[in-house]
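Colleague: When you get a sec, could you give me coordinates for this:
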Amino acid sequence: PRTRGEGIEFADLRPFVPGDRIRRVNWRATARRGEPWVNETHPERNADVVIFLDTFAEARRGASGTLDLAVEAAGSLAVHYAREKDRVGLVAFGGVLNWLTVSSGVVQLYRVLDSLLDAEIFLSYAWKNIDILPVRTLPPHALVIALSPLLDERSVRALVDLRARGFDLAVVDISPVPFVEQGQGPLDDLAYRLWILRREALRSSYLRLGVPVAEWRKDTPLQAALEEVRTFRRHARVLRV
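Modeller: Model prediction:
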C-alpha cells in the first residue's frame, strides 16, 4: 500500500492537529462536520524509466540511419526524464548487450549520454530474449520506452515478452521506410507494398496488447512522437497507484 505524506495526490481526510498547515484544511468537510479536517496526500514518487535501444539491425542510406535517429531520441528522452527527477536506465539490446541500471541525477544523465555515443550495430545471428538481461536492469514497475526500427525478429519478440511480463511498455518506431528505396519494376513495387503492410500489422499487434506505438520518421518533429510516450507515462502512473 502507498504511504501518506507531502504531495499533491489526495489520500484521505483526518481531523486537524496542531502543526497542520492551513492550506491542508478541507473547508467543505470542516463545514459539514463542525470541526477542522485536513486533506492527507500521497508523497511524490518518482518513476523508473528504462530506455530500451534496439541495436540488432538498422536501415541506412548514406551517412544517416535508423540507429542515429534512435540515439538522438534516446538522448532527448534521457534529458527529459532526468529533468523530471525520474530515475533513468538504459539497455542496448542487440548483438552485444550493454546496460546502465536506473539512477537519478546529473551524473547518471552523463553516463546515459556517454553510453549512447558508443551505441552501434553488432552483427549476430544468435537468438536472444530478455532472459539474458540482469534482473536489476528492469525494475518491476519501470516504464520501458523502446526505440526500435522493428526490423529484427529478436527485438520484436523481446518487446512482446516484456509486455507479457507486465511491464509498462511504449514503443517509438524509428521508421526505416525513408531509408528504403521502393524499386522500379512491378515485383519490386509489390514487395515494397507487402513490407509496408507487414509493418502496419506489426504495429497493430502491439496496440492490441495495449502497447502504444509512436512512429517517428526522419526529418519530422520528434516532439509529436514523444508526446504520445509522455501521455502513456501519465496513464501508467495512474495505473500504478
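Colleague: In the longest helix belonging to the chain, which residues are buried?
Modeller: For the chain, the helix with the greatest residue count under DSSP state H is helix 186-208. Neighbour-count burial for helix 186-208, counted by 16 or more other C-beta atoms under 10 Å, picks out R199, R203, Y206. Every C-beta, even on glycine, is put in place using the N, C-alpha and C of the backbone.
Colleague: Then stretch 153-165?
Modeller: R154, S155, V156, A158, L159, V160, L162, R163.
Colleague: Touching the longest helix of the chain from outside, list them.
Modeller: 150, 156, 159-160, 163, 171, 173, 177, 180, 182-183, 212-213, 215 (C-beta atoms under 8 Å, 6 or more residues apart in numbering).
Colleague: Mind doing that once more with 7 Å?
Modeller: With C-beta atoms under 7 Å, 6 or more residues apart in numbering as the test, helix 186-208 has contacts from L150, V156, V171, D173, Q182, G183, V213.
Colleague: Apart from its neighbours in sequence, what residue is nearest the second one?
Modeller: The shortest distance from V156 to any residue that is not its chain neighbour, by C-beta to C-beta, 6 or more residues apart in numbering, is 5.9 Å, and that residue is L150.
Colleague: Of the contacts of helix 186-208, which is the most crowded?
Modeller: Neighbour tally across the contacts of helix 186-208 (other C-beta atoms under 10 Å): the maximum, 29 neighbours, falls on V171.
Colleague: Backbone dihedrals for it, please?
Modeller: Here is the backbone geometry of V171 (degrees, to the nearest 10): phi -120, psi 130.
Colleague: so where's the protein shaky on pLDDT?
Modeller: Within the chain, the ranges that satisfy pLDDT under 70 run 1-11, 41-45, 125, 228-241.
Colleague: Which parts of it are helices?
Modeller: Going by DSSP H, the chain shows helices at 27-33, 66-83, 106-117, 153-164, 186-208, 222-240.
Colleague: can those helices go into TSV with extra columns for distance to A142?
Modeller: Output for these, formatted as TSV (distance: least, C-beta to C-beta, whole Å):
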stretch	distance to A142
helix 27-33	37
helix 66-83	11
helix 106-117	14
helix 153-164	10
helix 186-208	18
helix 222-240	10
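Colleague: do you know which of these lies nearest P140?
Modeller: The minimum distance between P140 and those falls on helix 222-240, with 10.1 Å, by C-beta to C-beta.
Colleague: For L138, find the nearest of the helices of the chain.
Modeller: For L138, the closest of those is helix 153-164, at 7.7 Å, according to C-beta to C-beta.
Colleague: Need the residues that contact that closest one.
Modeller: 54, 56, 93, 127-130, 144, 146, 148, 150, 169, 171, 202, 209, 211.
Colleague: again, only this time at 8 Å
Modeller: Counting by C-beta under 8 Å, 6+ apart, residues outside helix 153-164 touching it are 52, 54, 56-57, 93-94, 127-130, 138, 144, 146, 148, 150, 169, 171, 202, 206, 209-211.
Colleague: So which of those belong to strands?
Modeller: F52, D54, F93, G94, V144, A146, S148, L169, V171 (DSSP state E).
Colleague: farthest-separated two in those residues?
Modeller: Longest span within the ones in strands among the contacts of helix 153-164, C-beta to C-beta: G94 and L169, 17.9 Å.
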